[in-house]
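In: Sequence and predicted model, in that order:
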Amino acid sequence: MSNIIQLQIIMAAAAEIKMHGFKFTMNDVTARLHISKTSLYGYFPSKNALVAAVIKMVQEDVQRQEEAIYNDSERSIEDKFQAVMSVSPALVGPSSDSIYCDLQTTYPEQWRNVENFRQQRLDRLITLLEKGVSSQKIKPINFSVLKQLVFFSMNDLFDHTFLVENNMTYYDAVVSLSKILTRGFIEEKGI
């Protein structure tokens with residue numbers, strides 16, 4: 001029973017994060033669930049602990065989605081690359097552009113956790129591409145440059161101002177980036 005309540009609390013916190021970013025309060029969570037603060041603090045001794053639990057659940061969701069993509073033998077390497085780049089956690093969804101900025105400034109320790117997770121995801125993506133080169137399914141490229149390009153591009157795409165000015169969500173920007181990286185921008189002419 002306690003695991004169910006913990007999950008409900010995490011889900012309520014995620015809903016608050018989706019609506020208000022990391023500026024939500026523990027009172028917001030208790031009001032959403034109609035529970036006392038004492039009950040909430042019995043499961044999560046601090047807001048930081050609750051935020052850490054939400055991030056852990058988001059990361060587990062992303063890992064499950066990516067695992068399904070990597071293990072799908074019907075997908076091409078290009079499709080896997082685009083699909084992995086476009087994975088969006090169900091818990092907070094693709095429309096949560098400003099929460100990354102909130103997390104970075106409000107919870108720097110959790111932000112480092114997210115950055116490490118992103119680096120691991122990128123390393124696995126590069127491994128996929130390296131296998132594609134060795135099996136001659138994709139052309140040889142400089143993986144160090146690609147890794148830097150993807151990492152720093154994705155960091156820049158977290159910029160809420162950029163997203164608002166260009167009327168896009170973070171998800172839209174990442175999908176666009178993955179298409180540019182896999183297809184380029186030169187129109188191919190038929191022979």
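Out: Alright, I've got the coordinates.

In: Strands along the protein, start to end?
Out: For the chain, applying DSSP state E gives no strands.

In: what's the lengthiest helix in it packed up against?
Out: Ordering each helix of the chain by length in residues (DSSP state H) puts helix 108-134 first. Here helix 108-134 touches helix 47-70, helix 77-85, helix 99-106, helix 143-157, going by 3 or more CB pairs under 8 Å, 6 or more residues apart in numbering; DSSP states H and E. In short, each C-beta sits where N, CA and C put it, glycine included.

In: quick one, what contacts the residue lying closest to residue 50 once chain neighbours are set aside?
Out: Nearest non-adjacent residue to residue 50, counting by CB to CB, 6 or more residues apart in numbering: residue 44, 4.1 Å away. The contact partners of residue 44, taken as CB atoms under 8 Å, 6 or more residues apart in numbering, are 9, 50, 53.

In: Then residue 28?
Out: By CB under 8 Å, 6+ apart, the residues touching residue 28 are 16, 20.

In: how far away is it from residue 107?
Out: 16 Å (CB to CB, to the nearest Å).

In: try residue 150
Out: 24 Å.

In: Pick out whichever of these two has more residues nearby.
Out: Legend: neighbour count by other CB atoms under 10 Å for residue 150 and residue 107, higher for residue 150 (21 against 18).

In: Quick check: that one touching residue 123?
Out: No. At 10.9 Å, residue 150 does not count as touching residue 123 under the criterion of CB atoms under 8 Å.

In: how many neighbours does residue 89 have?
Out: When neighbours are counted by other CB under 10 Å, residue 89 comes out with 19.

In: Might one say that it is in contact with residue 58?
Out: Yes. Residue 89 lies in contact with residue 58 (CB under 8 Å); the separation is 4.3 Å.
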